[in-house]
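K.L.:
Sequence and predicted model, in that order:
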Amino acid sequence: MSLPTTTDAILIAKTGGLEVIEKRTIPFPKPPPGSLVIKVEYLGINFIDVYYRKGVYPSKEFPAVLGKETAGTIIALPTDEAVLNDETYKKNGFKV
């Protein structure tokens, strides 16, 4: 399965009030070999996101994508052999 080249994101380009929250189309990030890729169907903005937005917790970089809680469908499995051969991973029975 090929992954998209872009994705929509809820992000902040600087800290501040509600006015700094934006929806933007950004390049789709390259997933690390040990990661699942999830097509997000639901996204939650929670207090950790509010703290990043307000600058209570410093963001490592801007723009910073918000939405640390998501739910969706797995569309790609890890490519890292160490992950794929891990017994805990196998017990979960992930399938695309």
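P.N.:
Arrived safely.

K.L.:
Against residue 89, how distant is the residue nearest the centre of the chain?
P.N.:
The centroid of the chain falls nearest to residue 68 when counting by Cα atoms, centre = their mean (6.8 Å). Plainly put, residue 68 is 22 Å away from residue 89 if you go by Cβ to Cβ, to the nearest Å. Any C-beta I mention is one placed from the backbone N, CA and C, and that applies to glycine too.

K.L.:
can you pull out the strands in the chain?
P.N.:
6-12, 21-27, 37-44, 64-65, 69-76 (DSSP state E).

K.L.:
right, and the ones you listed - which one's nearest residue 55?
P.N.:
With Cβ to Cβ as the criterion, residue 55 lies closest to strand 6-12 of those, at 9.7 Å.

K.L.:
CA atoms only for the lengthiest helix in the chain, dumped as CSV, please.
P.N.:
Criterion DSSP state H: the longest helix present in the chain is helix 47-54. Extracted in CSV, the C-alpha atoms of helix 47-54 (Å, rounded to 0.1, in the frame of the first residue of the first chain):
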residue,chain,number,x,y,z
PHE,A,47,-4.8,19.0,28.2
ILE,A,48,-1.3,18.1,27.1
ASP,A,49,-2.2,19.8,23.7
VAL,A,50,-3.5,22.8,25.6
TYR,A,51,-0.3,23.0,27.6
TYR,A,52,1.8,22.9,24.4
ARG,A,53,-0.4,25.5,22.8
LYS,A,54,-0.1,27.9,25.8
